[in-house]
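*Asks:* Got a predicted structure plus its sequence, pasted below:
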Amino acid sequence: MAWQSEEILQLKLDRLNFGGFVFFSTICSYNFHWYLTPGSIRNSERILWGQRRRALQLLGCAIGLLGSLWFFMKLYQHWLPIGGAVVLTFLYSAPKVPHPVFRWLAKIAVGKTIFLSFVWMYVTTLLPAFMADIMLADVRDLVLLAVYRFFLIYAICILFDYRDREEDRQQGIRSLITFLPEHQLDRLYYISLLIAAGTAIALAPAVPLYVLFSLLAPVAVTVLVKGYAQKHTSDYVYYFFLDGLMMLSALLHFAWMALGGI
């Protein structure tokens, strides 16, 4: 996803080291988050698998931390935007840290889905632009791509939160998904996808037709899968298919370029 942002916006930055930093930081943050998350065994064999391998999660967190530090040393001149990404990522998992200093965040946190969607969008869209010192003339395309990414990811996250809404209520996690009635939640879902589609189309003058198609494809699929995802809660549906929809556009974009535009 970060690579696609670099391609669409024609950003000039140290792609290899930035890609390494994003990869290892993701490994670190995911293992850190899931190590702290008991989760609901009702919905996920994956969570059961993780609970039986806590040491492996800690190892993944340590490897991710070391790798991200290694690549950060090569990108240290961009410490401010990178630091923003680190803080935002940590704050998402911070309420799970078993210490009163962090526990109180869970009581005041509202809109965890909005926050998570923003973190994803920031790391994959705004962060590479900030590191490349994007020109003012290109800000319009950056804003459109950022809005597209945010609302597509937000719609997908709504499905995750819909599945976990009862557990979230029991744990006192506050979000729109936990208290909106279902018909309003449906409206929020489809409006988010409509905004994503609209901003993708607004990018049309600046991007080739195949890029526009790659941006709209995951929006169309996400529109169609809502009912199925709400009835089928297997790990493959959520952690392979729905998570995969977030990067489907980048995969289609890359495949077209790899095939030489055939």
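*Replies:* Looks like it came in fine.
*Asks:* Find the residue closest to residue 60 in space, skipping its chain neighbours.
*Replies:* Among residues not flanking residue 60 along the chain, residue 31 sits closest, at 3.7 Å (C-beta to C-beta, 6 or more residues apart in numbering). All C-beta spots, glycine's among them, are computed from the backbone N, C-alpha and C.
*Asks:* chain center to the helix or strand that the one you found is a member of, what's the gap?
*Replies:* Per DSSP states H and E, residue 31 falls inside helix 15-35. Remark: helix 15-35 is offset 12 Å from the chain centroid, using C-alpha atoms, centre = their mean, to the nearest Å.
*Asks:* The residue nearest to residue 60: neighbouring residues, count only.
*Replies:* 21 (other C-beta atoms under 10 Å).
*Asks:* try residue 37
*Replies:* Other residues lying near residue 37 total 14 when counted by other C-beta under 10 Å.
*Asks:* Run a quick neighbour tally on the spatially closest residue to it that is not a sequence neighbour.
*Replies:* Sequence neighbours aside, residue 96 is the residue nearest to residue 37 in space, at 6.1 Å (criterion: C-beta to C-beta, 6+ apart). Counted by other C-beta under 10 Å, the residues lying close to residue 96 total 18.
*Asks:* a helix runs through residue 72, doesn't it?
*Replies:* Yes: assessed by DSSP: H, G, I helix; E, B strand; the rest coil, residue 72 belongs to a helix.
*Asks:* and it, what pLDDT?
*Replies:* For residue 72, the model assigns a pLDDT of 96.
*Asks:* now do residue 208
*Replies:* pLDDT, residue 208: 92.
*Asks:* again, but for residue 53
*Replies:* On pLDDT, residue 53 comes in at 85.
*Asks:* Now do the same contact list for the residue nearest to residue 193 when sequence neighbours are not counted.
*Replies:* Nearest residue to residue 193, sequence neighbours excluded (C-beta to C-beta, 6+ apart): residue 155, at 5.0 Å. The contact partners of residue 155, by C-beta atoms under 8 Å, 6 or more residues apart in numbering, come to 189, 192, 193, 196, 222.
*Asks:* which residues sit against the helix or strand where the last one lies?
*Replies:* Meaning residue 222. Residue 222 belongs to helix 209-231 when assigned by DSSP H and E. Residues outside helix 209-231 that contact it (C-beta under 8 Å, 6+ apart) are 8, 148, 152, 155-156, 159, 162-163, 186, 189-190, 193, 196-197, 200-201, 203-204, 207, 237-238, 241-242, 245-246, 248-250, 252-253, 256, 261.
*Asks:* now the helix or strand following it, how far from the chain's geometric center?
*Replies:* In the C-terminal direction, the helix or strand that comes right after helix 209-231 (DSSP H and E) is helix 235. The chain centroid and the centroid of helix 235 are separated by 17 Å under C-alpha atoms, centre = their mean.
*Asks:* Quick one: mean pLDDT for helix 235?
*Replies:* Regarding helix 235, the rounded mean pLDDT is 83.
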